[in-house]
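Chemist: Dropping the sequence and predicted coords here.
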Amino acid sequence: MSGALAIFVKTPGRSALKTRLAAGAGAVYAQRWYTLAADAVASVAIQARSDFGVTAYWAVAEAGAESAWPGLPAIAQGDGDLGTRMARVHSALVERHGFALLIGADAPQLTAPLIGQATRWLAPPGEAEPRLSLGPASDGGFWLFGSNKLIPLPTWTRVGYSQVDTASRFRDSLDGYGRWQTLATLTDVDRADDLKPVQRALAALAGPTPAQRTLVQWMHDTPAMRDRDGNQ
């Protein structure tokens, strides 16, 4: 099993994106941050492809926008709520590659070794037992989910996403579908308050990719918020 990794993205100019971040940091900042963060995540996925053999994809939200995302093969998320779209992509990639990892573009401080941990867990030697991997987020959600088995659609759709207990409810929903691995907790960027922790995490990386260095330098150089007088 080579496995696959899908990066869930929305296309600038085609969908509203990072609306909560834009509310605190400005729409221009939020869109540029998202574009650079997606590049950083893709660079880590490409490194993981080289190091661990996992096939990386963009999973694109908007129909017909796949060409806007170069550098990796693109697949469509399709219609429906987030649970439905994750289920669709996950099922397609498990059938094609043996196991699938799903991530977003909101935790650009992730590393190839973290993806490698999940890859090794989901591709055990010999006959594969049902296994699942979860990367918790500090806000109660999750930044990665993976499994080497197909999971029924209702298991995905009965979970409330973007909630403070999403990760725990998601694990409860998948109870009985396999043995769990839990990865390190990361902060993903939803609001302006999340920027500093992610910036610090990026700056602390021992071996950042060039795209991660570009993002952290841009975050250092570019103001996210101004007070009423226009000062930092």
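Modeler: Thanks, I have it. Numbering: from 1, shown residues only.
Chemist: I'd like to know how many residues surround Gly176.
Modeler: 7 (other Cβ atoms under 10 Å). Heads up, the C-betas are built off the backbone N, CA and C, glycines and all.
Chemist: meant to ask about Ala63, not that
Modeler: Applying other Cβ under 10 Å, we find 11 residues neighbouring Ala63.
Chemist: Verify the contact between it and Ala76 for me.
Modeler: Yes - counting by Cβ atoms under 8 Å, Ala76 is a contact partner of Ala63 at 6.2 Å.
Chemist: So in the chain, which helix runs the longest?
Modeler: helix 27-52 (DSSP state H).
Chemist: Tell me which helix or strand comes right after that one.
Modeler: Downstream of helix 27-52, the next assigned helix or strand under DSSP states H and E is strand 55-60.
Chemist: Let's see that following strand as PDB, backbone CA atoms only.
Modeler: The C-alpha coordinates for strand 55-60 follow below in PDB (Å, rounded to 0.1, in the frame of the first residue of the first chain):
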ATOM      1  CA  THR A  55       0.900  10.000  -3.200                       C
ATOM      2  CA  ALA A  56      -0.100  13.600  -2.700                       C
ATOM      3  CA  TYR A  57      -3.200  15.300  -4.100                       C
ATOM      4  CA  TRP A  58      -5.100  18.600  -4.000                       C
ATOM      5  CA  ALA A  59      -8.700  18.000  -3.000                       C
ATOM      6  CA  VAL A  60     -10.400  21.000  -4.600                       C
END
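Chemist: Downstream of that strand, the next helix or strand is which one?
Modeler: Immediately after strand 55-60, counting by DSSP H and E, sits strand 74-76.
Chemist: related to what we said a few turns ago, next, the buried residues of the longest helix of the chain.
Modeler: If you call a residue buried by 16 or more other Cβ atoms under 10 Å, then helix 27-52 has these buried ones: 29-31, 33-34, 36-49, 52.
Chemist: Check stretch 179-196 too.
Modeler: Quick answer for stretch 179-196 (16+ other Cβ under 10 Å): Gln181, Leu183, Leu186, Thr187, Asp188, Val189, Asp190, Ala192, Asp194, Leu195.
Chemist: With stretch 7-15 instead?
Modeler: With burial defined by 16+ other Cβ under 10 Å, the residues of stretch 7-15 counted as buried are Ile7, Phe8, Val9, Lys10, Thr11, Pro12.
Chemist: chain center to that stretch, what's the gap?
Modeler: In terms of Cα atoms, centre = their mean, to the nearest Å, the centre of stretch 7-15 is found 13 Å from the chain centre.
Chemist: just stretch 36-54 next, same as before
Modeler: That offset, for stretch 36-54, works out to 11 Å (Cα atoms, centre = their mean).
Chemist: same thing with stretch 189-202?
Modeler: The answer for stretch 189-202 is 15 Å, by Cα atoms, centre = their mean.
Chemist: so how far is the first residue of that stretch from its last?
Modeler: Taking Cα to Cα, to the nearest Å, the first and last residues of stretch 189-202 lie 12 Å apart.
Chemist: Run through who's touching it.
Modeler: The contact list for stretch 189-202 (Cβ atoms under 8 Å, 6 or more residues apart in numbering) reads 18, 20-21, 23-25, 33, 37, 40, 106-109, 138-139, 162, 186-188, 208, 212, 215-216, 219-220, 224-225.
Chemist: Secondary structure element holding the closest residue in space to Ala37 that isn't next to it in sequence?
Modeler: The shortest distance from Ala37 to any non-neighbouring residue, by Cβ to Cβ, 6 or more residues apart in numbering, is to Pro108 (4.2 Å). Under DSSP H and E, no helix or strand contains Pro108.
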